[in-house]
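*Asks:* 3D, please:
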Amino acid sequence: MLEHSNAKPEKPRRVVVIGAGGFVGSTICRRLQKADIPLVALTRKELDLLHENAAPRLVALLEPQDSVVFVSAVAPVKTVPMLMQNLRMGEAVCEALASVPVSHVVYISSDAVYADDQNPVTEQSYCAPSTLHGMMHAARELMLKSATKAPVAFLRPTLIYGARDPHGGYGPNRFRRQADQGEPIQIFGEGEERRDHVLIDDVAALAMQMLMHRSSGALNAVTGVSTSFHDIAQIVARLHGGTVQSIPRPGPRPHLLHRFFDITNCYKAFPDFRYTRLEEGLTRTRTQLQAL
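*Replies:* Below is the predicted model:
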């Protein structure tokens, strides 16, 4: 659950985005620029968090009373070396935050921090990650809380989709790429697993709300509606053309067949915010792709 330091939204004095070159970070930057908020956008070119001098370099870039958005990661984390890389990146950021009295920190985490057997998931659900990716985010959350006296907010998105997504993981992003390439949209088995998917624009909007309210605590970036991969594929086929093809699973059926979220806390924190429905978001994504 979030707590707001600013009862009414106020523009931050300046926002430093660490990881501005990525899918999520660049979307947040565009939203900040549109709101005319002073911005320092740090990509890997300006700040390589794995460089031995990353911490002092970041100290030199930060100013007291900055708001910091930390979104940089080597992801998804699938190996122990990748986990350790991400922890070293987090260590550099924490070292800098311990030296500079910033005003606020927003960390873009993941719903992978939650235990698989939590259903429905809320912000009060216990964190017990079952993957290296979830463990990385959970560890970084703890590191950041211990590094600074500033309010720290964790935004935990579920599966994100959008026009500029570079990954193409199983779901909306992969399905529309297959359709646009004239290939069948492939689903595993009957595509019966149900998952929540959130539009990248909504993730950026929530990060902005957190910055404006100088929030602390945790918030899940989830729509509260879980849709089967079969139904998602059918929506994509209608929007982009093509057919849906069932293929054998590469392994056993996932033990977590359905995941649902309770979004009550989101609407308590931001009563005027509303998530984009999946079909509307996929339609918007198609329009954005055509404009690129």
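
*Asks:* Please make it C-alpha for all contacts and neighbour counts, starting now.
*Replies:* Fine.

*Asks:* Now do the strands in this structure.
*Replies:* Here the chain has its strands, by DSSP state E, at 2-4, 15-18, 39-42, 67-70, 104-108, 152-157, 159-161, 185-188, 194-199, 215-221, 226-228, 244-247.

*Asks:* between those, which gets nearest to residue 270?
*Replies:* strand 2-4 (9.6 Å; Cα to Cα).

*Asks:* tilt between the helix ranked longest in the chain and strand 104-108?
*Replies:* Taking DSSP state H as the criterion, the chain has its longest helix at helix 80-99. Angle between the axes of helix 80-99 and strand 104-108 is 170 degrees (criterion: axes from the mean of the first three to the mean of the last three Cα atoms, to 10 degrees).

*Asks:* Just the residues contacting helix 80-99, thanks.
*Replies:* With Cα atoms under 8 Å, 6 or more residues apart in numbering as the test, helix 80-99 has contacts from 49-50, 54-56, 58-59, 73-75, 77, 132-133, 136, 139-140, 143-144, 147-148.

*Asks:* now that helix: mean pLDDT?
*Replies:* The pLDDT scores in helix 80-99 average 98.

*Asks:* Let's see it as CSV, backbone CA atoms only.
*Replies:* This file holds the C-alpha atoms of helix 80-99, laid out as CSV (Å, rounded to 0.1, in the frame of the first residue of the first chain):
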residue,chain,number,x,y,z
VAL,A,80,23.3,-16.8,-11.5
PRO,A,81,25.9,-14.5,-13.3
MET,A,82,23.0,-12.3,-14.5
LEU,A,83,21.7,-12.2,-11.0
MET,A,84,25.0,-11.0,-9.7
GLN,A,85,25.4,-8.4,-12.4
ASN,A,86,22.0,-6.9,-11.4
LEU,A,87,23.0,-6.9,-7.8
ARG,A,88,26.2,-5.1,-8.6
MET,A,89,24.2,-2.5,-10.5
GLY,A,90,21.9,-2.1,-7.6
GLU,A,91,24.9,-1.7,-5.3
ALA,A,92,26.3,1.2,-7.3
VAL,A,93,23.0,3.0,-7.2
CYS,A,94,22.6,2.4,-3.4
GLU,A,95,26.2,3.7,-2.8
ALA,A,96,25.3,6.9,-4.6
LEU,A,97,22.0,7.3,-2.8
ALA,A,98,23.7,6.9,0.5
SER,A,99,26.0,9.9,-0.4
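
*Asks:* List the buried residues of it.
*Replies:* Buried residues in helix 80-99, counted by 16 or more other Cα atoms under 10 Å: 82-83, 85-98.

*Asks:* got it, and stretch 160-170?
*Replies:* Buried residues in stretch 160-170, counting neighbours by 16+ other Cα under 10 Å, are found at 160, 161, 162, 163, 164, 168.

*Asks:* same thing with stretch 123-136?
*Replies:* Neighbour-count burial for stretch 123-136 flags 123, 127, 128, 129, 131, 132, 133, 134, 135, 136 (criterion: 16+ other Cα under 10 Å).

*Asks:* What's the per-residue pLDDT of the residue nearest to the fourth one when sequence neighbours are not counted here?
*Replies:* Using Cα to Cα, 6 or more residues apart in numbering and skipping residues adjacent in sequence, the residue nearest residue 129 is residue 113, 4.7 Å away. With respect to pLDDT, residue 113 has a value of 97.

*Asks:* Residue 113 reaches residue 132, doesn't it?
*Replies:* No: the pair residue 113 / residue 132 is not scored as a contact, 9.7 Å apart, by Cα atoms under 8 Å.
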